[in-house]
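In: Structure, please.
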Amino acid sequence: MGNTDEKGYSPQVVSIFSGCGGLDLGFHLEGYETIWANDFAEWAVKSFEKNFGKVIHLKDITKINPYTDKTIPKCDIVLGGFPCQDFSIIWKQPGLNGTRGGLFRHFAEFVDAKNPKAFVAENVKGLITANKGKAIETIIKDFESIAPGYVVKPHLYNFAEYGVPQFRERILFVGVRIDTGFNFNHPLPTHGPNGKLPYVTAGEALVGVKDVSYNNELINIKEKTKKMLEMIPEGGNFRDIPEDSPYHVKGMISHVYRRLKLDEPAKTIIAAGGGGTWGYHYPEPRPLTNRERARLQSFPDDFLFEGSVTEVRRQIGNAVPPEGVRLVAKRLLPLFTGEYEPVDLIPEYEKMKKMTVKERLEYVTSQMN
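Out: Below is the predicted model:
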């Protein structure tokens, strides 16, 4: 999967917290090659292996020592979406005090041990405010301190602005080793009001999806749920059910019984949840199939997911939309081919070390091109 660049070299990726491989796929589509990967979720690993080959290892990251494990190869870049549950704005925010929050440090250890030219780490928007901003501040400082030093540029992406048919906000940390002299800047949006192209809409994304046979099972729903959906218009949610209706519900989060609006990107696809959280089709009164979710996450139809319907839903909802990170992957390619003019990164490195997180985010945004 993926293509080598014009010189015949594919930048080598070590991938951790890999999930089913959404982040990896975005890079593969730009010519990278994952040579070693890891995750501890069995079915996500099976999906990854089905699509990328036998390069992924099913193992608890806390049981892996990247400094002493000789089976982990050297690489050009480390990728990963370290677990975000403790940072999510949907839940409480124990952040660095939580058992998952500290897992980012294993990502930092991989970077320290493998000394790649660059790394890309993904997380949820809520990380910016978790622990009153102390979480992201600590993460940046840890990444910066890895010898010989990494210029760390975090940016909050809305992937709909990069061709994904879904409004999905995630923060990407891109770190470039200071001795490479490679001046990375995040790419400007390509779609929507801030780009040159219109958004890719949910309606466009789902054209022809019924012809796809794999991961496209219809989900059985109760007659009550069907009647509720029939009262909800395109783009609406549970709040559109009249108060005098026996099907009226209240006090829920906005994504409950949310139906697609066909002429705009979908709202964020989520990984799990009970009744009313599956994401719902329009005009048909039914939950989305997993293949429809995959389309809204920008996965191609030949990307196959393993596991039960619920398990596949989890993999898709947790994934990074591959189309959303392709420009980042492309922007980094010259670092590995050598086709760039090196600059002195030390002044910018020292300048950003003195910035607050807010100042750094604003500075990184101002440098986009």
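
In: residue boundaries of the helices in the stretch 201-350 of the chain?
Out: 202-205, 223-230, 290-296, 309-318, 322-337, 346-353 (DSSP state H, counting those that start in this stretch).

In: ok now the first one, how far from the chain's centre?
Out: Think helix 202-205. Helix 202-205 has its C-alpha centroid displaced from the chain centroid by 20 Å (C-alpha atoms, centre = their mean, to the nearest Å).

In: Please apply the same query to stretch 304-311.
Out: For stretch 304-311, the distance to the chain centre is 18 Å (C-alpha atoms, centre = their mean).

In: mind listing what's buried in that stretch?
Out: Neighbour-count burial for stretch 304-311, counted by 16 or more other C-beta atoms under 10 Å, picks out Phe305, Glu306, Gly307, Val309, Glu311. Every C-beta, even on glycine, is put in place using the N, C-alpha and C of the backbone.

In: As a markdown table, those with distance to Arg239 would be great.
Out: Below are these laid out as a markdown table (distance: C-beta to C-beta, whole Å):
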| residue | distance to Arg239 |
| --- | --- |
| Phe305 | 32 |
| Glu306 | 36 |
| Gly307 | 33 |
| Val309 | 27 |
| Glu311 | 30 |
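
In: Relative to Asp240, which of those is nearest.
Out: Nearest to Asp240, judged by C-beta to C-beta, of the buried residues of stretch 304-311 is Val309 at 26.7 Å.

In: Surely the closest one is in contact with Pro287?
Out: No. At 9.8 Å, Val309 does not count as touching Pro287 under the criterion of C-beta atoms under 8 Å.

In: Check the contact lists of those two and give me the overlap.
Out: Residues within reach of Val309 and of Pro287 at once, by C-beta atoms under 8 Å, 6 or more residues apart in numbering, are Ile219.

In: if I look at Val364, how far off is Phe184?
Out: 10 Å (C-beta to C-beta, to the nearest Å).

In: cool, and Glu223?
Out: 54 Å.

In: again with Gly274
Out: Gly274 is 42 Å from Phe184, by C-beta to C-beta.

In: Show me which of the two is the more surrounded one.
Out: Neighbour count, other C-beta atoms under 10 Å: between Gly274 and Phe184, Phe184 has more, with 21 against 7.

In: and Leu156, helix, strand or coil?
Out: Using DSSP: H, G, I helix; E, B strand; the rest coil, the structure places Leu156 in strand.

In: what bridges to it?
Out: With DSSP bridges applied, Leu156 shows beta-bridge pairing to Ile171.

In: That one and Arg168 touch, don't they?
Out: No. With contact defined as C-beta under 8 Å, Leu156 does not count as touching Arg168 (11.2 Å).

In: higher neighbour count, these two?
Out: Arg168 (23 against 16).

In: Wait, that one touches Val320, no?
Out: No. In this structure, Arg168 is not within contact of Val320 by C-beta under 8 Å, at 9.1 Å.

In: Let me see the contact set for Arg313.
Out: Here Arg313 is in contact with Ala271, Ala272, Trp278, Asn290, Arg293 (criterion: C-beta under 8 Å, 6+ apart).

In: what do you get if the cut-off is 7 Å, keeping everything else the same?
Out: Ala271, Asn290, Arg293 (C-beta atoms under 7 Å, 6 or more residues apart in numbering).

In: Give the closest residue to the first one in space, chain neighbours not counted.
Out: Taking C-beta to C-beta, 6 or more residues apart in numbering, and ignoring the residues beside it in sequence, Ala271 has Gly317 as its nearest neighbour in space, at 2.9 Å.

In: I'd like to know how many residues surround that neighbour.
Out: 19.

In: Okay, strands next: where are they in the stretch 1-150 of the chain?
Out: 12-16, 33-39, 56-58, 77-80, 118-124, 150-158 (DSSP state E, counting those that start in this stretch).

In: I'd like these written out as CSV, with distance to Gly208 added.
Out: Conversion of the strands of the stretch 1-150 of the chain to CSV gives the following (distance: least, C-beta to C-beta, whole Å):
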stretch, distance to Gly208
strand 12-16, 31
strand 33-39, 29
strand 56-58, 30
strand 77-80, 31
strand 118-124, 29
strand 150-158, 26
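
In: Mean neighbour count, those: which tops it?
Out: strand 77-80 (a mean of 28; mean count of other C-beta atoms under 10 Å).
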